[in-house]
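In: quick one, fold the following:
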Amino acid sequence: MADELATSFIEALLSLELGARDQDGSNRFSLKGLTVSPNRTSAVEIGIRSFEAAALQFQSGPLVLEVGQLALHQVLAKVRVDRGRPRLHSLDAAYAEVSGVTVQGPLIFSREPQRDFDASHDHGNLPASGNTAAGETAARAWCLGPLAGADGKIRAEIVDAHLLFDADVTVPIRHGQIDFNEVTVEHVGPDSRMGVSPIGLYVDAPNGRSYVYQFSSAPLAGVEFERRGALPGPWGTDRGNMRLQSFIEGLLRQGRGGPGSGFTEQARLLFDRTALSGDVQLSDERFAAPGVEGEMLASGDGRNAIRFKSQAVGRGLSVEIASLSVGHAVMKARDTRVTCDEITGALNLHVLVKGAQLRFAFSVANMKMSRLRLHSPRADGV
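Out: As a prediction, the model looks like this:
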């Protein structure tokens, strides 16, 4: 019974089914300070001083999840026996700790509207993607508020790029915007200039204009296109600017082939010769993605800074947040809703390019969560 209850805890918490046990002792559980008391309904209330699980292994379709250690403290759970098996319907833990987490699999961008996200939350003045309820839900499923006040710098080094030029590119980000008049493209000979037009992102090099990224439609949210002044040549041109939050949210709401679909063939060839690095400090704002939402906290203390690194963008990219701080977090998966007052820790994301497929590897060395609550709608009336 205790073993089945522990399994029910984990499966409900992560909305995944545990993999089969193997000979190395995977999926281990331990309970301390267990108390059981039936209530007035068919449910049973269970108190646990501490619940620990180790060497967990999960698989959901092509995704593989491994958890080195999971600990829940001061737990109060409500369980009902359904067809001879305990089912967890709600859980409240004072705090939780997790370490050694890895998730890997193919990176797939769905083109369908996300219907499981709780659209009742107001994420600001987000434009709807259509006149239907499904379109409005898809539009609200993405909110990248922490980009609104982001500050930092992204650097790219193009080595042996015989198709265009060898170059060092520096892109400053100030208060969530990229002003292309401040972007520098330095190389041997006269420097080039980068900007944005209704066609896309371009580089004006000595041998002419080349487009790095082409837009599928215009106008686009968050983009002010180049404007030509009275002076002749590129020096009389305002090269435009881009508000990152509005622009990226717009691309995600379009859902057309996923990020990267607008890059030109010339740019794709350059990516194998392009090294990338950067540091961006996110601001304290709310964020939301399909099934997930929360709020960045305490960024003024150096938390929630993102570091990018890649030896060759065409082969992959690494993203690191050494000190993550998120409050009021909500996760919805299947029929389970998980909330948490605060999450702190460190995480890494690696995106790998293998042929025409993108794969990802996500890892969490350690993470702490305060006031973890789990609820399933099936628990209503229990």
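
In: flag the shaky bits of the stretch 1-150 of the chain, pLDDT-wise.
Out: Confidence mapping of the stretch 1-150 of the chain against pLDDT under 70 gives the ranges 1-27, 39-42, 84, 108-140.

In: that one: strands as residue ranges?
Out: Along the stretch 1-150 of the chain, the segments classed as strands by DSSP state E, counting those that start in this stretch run 28-38, 44-60, 63-82, 85-106, 143-144.

In: distance between the fourth one and the chain's centre?
Out: To tie it back to what came earlier, the one meant is strand 85-106. Relative to the mean C-alpha coordinate of its chain, strand 85-106 is positioned 19 Å out (Cα atoms, centre = their mean, to the nearest Å).

In: out of the strands of the stretch 1-150 of the chain, deepest packed?
Out: Among these, judged by mean count of other Cβ atoms under 10 Å, the one packed with the most neighbours on average is strand 143-144 (a mean of 22). C-betas here are computed from N, CA, C, even on glycine.

In: confidence score at the residue nearest in space to the middle of the chain?
Out: For the chain, the residue sitting closest to the mean C-alpha position, by Cα atoms, centre = their mean, is residue 289 at 7.4 Å. Turning to residue 289, the model gives it a pLDDT of 87.

In: ok, now which ones touch it?
Out: 141, 142 (Cβ atoms under 8 Å, 6 or more residues apart in numbering).

In: state the distance from it to residue 94.
Out: Here residue 289 is placed at a distance of 27 Å from residue 94 (Cβ to Cβ, to the nearest Å).

In: how close does the nearest residue to residue 70 once chain neighbours are set aside sit to residue 239?
Out: For residue 70, the nearest residue in space outside its immediate sequence neighbours is residue 53; the separation is 4.5 Å by Cβ to Cβ, 6 or more residues apart in numbering. Counting by Cβ to Cβ, the gap from residue 53 to residue 239 is 54 Å.

In: ok, residue 250 next?
Out: Residue 250 is 20 Å from residue 239, where distance means Cβ to Cβ.

In: please apply the same query to residue 63.
Out: Applying Cβ to Cβ, one obtains 42 Å for the distance of residue 63 from residue 239.

In: can you tell me the strand partners of the one helix or strand residue 351 maps to and which way each runs?
Out: Secondary structure assigned from DSSP states H and E places residue 351 in strand 336-354. Under the criterion DSSP bridges, strand 336-354 sits next to strand 316-333 (antiparallel), strand 357-375 (antiparallel) in its sheet.

In: make TSV out of those and add distance to residue 177, mean pLDDT and mean neighbour count.
Out: Rendered in TSV, the data for the strands paired with strand 336-354 read as follows (distance: least, Cβ to Cβ, whole Å; pLDDT from 0 to 100; neighbours: other Cβ atoms under 10 Å):
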stretch	distance to residue 177	mean pLDDT	mean neighbour count
strand 316-333	21	93	17
strand 357-375	28	92	16
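
In: before we move on, back to that, out of the strands of the stretch 1-150 of the chain, which gets nearest to residue 342?
Out: Relative to residue 342, the nearest member of the strands of the stretch 1-150 of the chain by Cβ to Cβ is strand 85-106, separated by 9.3 Å.

In: and residue 314, what are its phi and psi?
Out: The phi and psi torsions at residue 314 (degrees, to the nearest 10) take the values phi -70, psi -10.

In: same question for residue 245.
Out: The phi/psi pair for residue 245 (degrees, to the nearest 10) is phi -60, psi -50.

In: contacting residues for it?
Out: Residue 245 makes contact with 144, 145, 147, 148, 176, 222 under the criterion Cβ under 8 Å, 6+ apart.

In: quick one: it from residue 354, how far?
Out: Between residue 245 and residue 354 the computed distance is 30 Å (Cβ to Cβ).
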